[in-house]
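Peer 1: sequence isn't available, so here's the structure alone:
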């Protein structure tokens, strides 16, 4: 499958089967995240794998993962993330977002559905999972086997703005 086909196949799943995700698929998703580029190769990602009943109950207090049986809480370790010297911009959030994207696409490649969640209570999440101060939860990726029909890969013709609305070229 080409990259474009993979990207078109991926959609936000909001209903999952109760079936657990196999450990080899979890490891394949994590391995894909490990390959993601990060600023100055600092690799500031810290990924918490949540797939036990107790962990999922804790997670539900801070976020809605729509019943996914597996979640990755993708965090930035600000003690090691690269900082731009001109203005101090911290690349950690960008880095772990790229990591999350790689993981999301790997889940799709392995026949799994996913939901990217940024609407969560970060302080409650940090408290429930006892995350240290320098570790910031940035993204939650819910993963599992989708229940119900998949969205059409052809939906992007209507769902996305045309390139003419999002791209511009330099002018001399």
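Peer 2: Arrived safely. Keep in mind that this is a model prediction, so the values were computed, not measured. Numbering: from 1, shown residues only.
Peer 1: could you check how far residue 50 is from residue 115?
Peer 2: Residue 50 is 13 Å from residue 115, where distance means C-beta to C-beta, to the nearest Å. For every residue, glycine as well, the C-beta is placed using N, CA and C.
Peer 1: tally of neighbours for residue 111?
Peer 2: Residues lying near residue 111 (other C-beta atoms under 10 Å) number 10.
Peer 1: so who does residue 95 touch?
Peer 2: Residues in contact with residue 95 (C-beta atoms under 8 Å, 6 or more residues apart in numbering) are 36, 38-39, 42-45, 76, 81-82.
Peer 1: what ranges does the protein have for its strands?
Peer 2: Under the criterion DSSP state E, the chain contains strands at 45-50, 70-77, 113-117, 135-144.
Peer 1: make CSV out of those strands and add mean neighbour count.
Peer 2: Converted to CSV, the strands of the chain look like this (neighbours: other C-beta atoms under 10 Å):
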stretch, mean neighbour count
strand 45-50, 19
strand 70-77, 24
strand 113-117, 22
strand 135-144, 24
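Peer 1: between the ones you listed, which one is nearest to residue 4?
Peer 2: strand 113-117 (18.0 Å; C-beta to C-beta).
Peer 1: find the centremost residue of the protein, please.
Peer 2: Centroid-nearest residue in the chain, with C-alpha atoms, centre = their mean: residue 100, separated by 3.4 Å.
Peer 1: now residue 105, nearest residue through space, not along the chain?
Peer 2: In space, residue 105 comes closest to residue 6 once its chain neighbours are excluded; the distance is 5.8 Å by C-beta to C-beta, 6 or more residues apart in numbering.
Peer 1: phi, psi of residue 15?
Peer 2: In this entry, residue 15 is assigned phi and psi values of phi -150, psi 130 (degrees, to the nearest 10).
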